[in-house]
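Peer 1: Mind folding the following:
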Amino acid sequence: MTTEEFGRKHIDRLKKLPLKSDICFRASVKLCSPEEKNMYMALIADAVCDRQTGPIHHVESQKDLKTVSGAKSIMPDLFGYDGKDESWSVEMQNDVIEDGRLDVSRSHIVLDRMPQGKKYSFLKKGHMIVLTDATSLPGMEGPLFLPGKPVVNIQAVDSFTGRIIPEKMEIRLFNLRYEGPEAAGDLAHDLRQSDPQKIRNGFLRRLMKRMKNTEKGEKAMCEVSREIFGEGVQIGRKEGRMEGRKEGRMEGRKEGQMKSAQGLLQMGLLTLQQIAQATSLSLSEVQKLQSELKA
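Peer 2: Numbering: from 1, shown residues only. All right, here's what the predicted structure looks like:
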């Protein structure tokens, strides 16, 4: 897929996206060498955990964690192992964490580390990190993140005694809106940037320049955008507008339009009216999608 095929105007819009956007974050991982993926994972893990997590190796991107149950698979943006053979995963979840998402992700990662025929005691510890803009969690009262706190640790707690029940999986939600002087603040700041020159961390700055200023980077963003929006999404060359198209039945076409609109809403570069025009949806349909994403 060439830049011309994808649409010059669309590429220009992609270049305005911050590193925390699904497209840019996934594309940045695509551009990493195996060693750089290890560095990327360690950088995030150290900042989120506020400690040296040690070297992380064999990091993969979009690792397909499938279960024998046939449930929807989970594909973490980064997935690897540390020196203790404990697993680490990173997912970028922007404005909304869908109800059940964390439970499904946790289950997939746990089952991935449980080979057939082994005793339960074989299970290694795992660490799941979710980078998010979300301000609430389904079923949870009040704000997700407390003022001045960049991380929420999700743990099992005895409701009678308040004691923490040991589990094999640690889940940490990281606040992409956080502003602070420490490593967590620097990470959140850098992930919010679209201009490489404003990024504080040298590794992330080089990676962003590679993505925004090279042909290889443009191609990676094109590929990821196509993966996220689906094969049915085409880019209008003359107007650079995204139109959901599905061959065959009318419901297939509608599915493509809705998926395109969701992606454009998450990108945050167009007005609701422009999204409606670009996807051939009604303004009310786009408003409803926006409400669902913010719910």
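
Peer 1: The protein: helices as residue ranges?
Peer 2: 3-6, 8-14, 22-30, 34-49, 101-112, 183-191, 202-213, 215-229, 250-267, 272-279, 283-294 (DSSP state H).

Peer 1: JSON lines for those helices, including distance to residue 118 and mean pLDDT?
Peer 2: Glycine gets a C-beta too; all of them are placed from N, C-alpha and C. Below are the helices of the chain laid out as JSON lines (distance: least, Cβ to Cβ, whole Å; pLDDT from 0 to 100):
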{"stretch": "helix 3-6", "distance to residue 118": "46", "mean pLDDT": "50"}
{"stretch": "helix 8-14", "distance to residue 118": "44", "mean pLDDT": "75"}
{"stretch": "helix 22-30", "distance to residue 118": "30", "mean pLDDT": "93"}
{"stretch": "helix 34-49", "distance to residue 118": "25", "mean pLDDT": "97"}
{"stretch": "helix 101-112", "distance to residue 118": "12", "mean pLDDT": "80"}
{"stretch": "helix 183-191", "distance to residue 118": "36", "mean pLDDT": "97"}
{"stretch": "helix 202-213", "distance to residue 118": "37", "mean pLDDT": "95"}
{"stretch": "helix 215-229", "distance to residue 118": "34", "mean pLDDT": "86"}
{"stretch": "helix 250-267", "distance to residue 118": "39", "mean pLDDT": "70"}
{"stretch": "helix 272-279", "distance to residue 118": "48", "mean pLDDT": "74"}
{"stretch": "helix 283-294", "distance to residue 118": "40", "mean pLDDT": "82"}
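
Peer 1: how about those helices in CSV, adding distance to residue 81?
Peer 2: Output for these, formatted as CSV (distance: least, Cβ to Cβ, whole Å):
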stretch, distance to residue 81
helix 3-6, 35
helix 8-14, 32
helix 22-30, 17
helix 34-49, 10
helix 101-112, 11
helix 183-191, 21
helix 202-213, 20
helix 215-229, 25
helix 250-267, 30
helix 272-279, 41
helix 283-294, 33
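
Peer 1: Tell me which of the ones you listed sits nearest to residue 94.
Peer 2: helix 250-267 (5.7 Å; Cβ to Cβ).

Peer 1: Ok, which of the helices of the chain comes nearest residue 172?
Peer 2: helix 34-49 (5.5 Å).

Peer 1: which one of the helices of the chain has the most crowded surroundings?
Peer 2: Burial of these is given as mean neighbour count (mean count of other Cβ atoms under 10 Å); helix 22-30 ranks first at a mean of 23.
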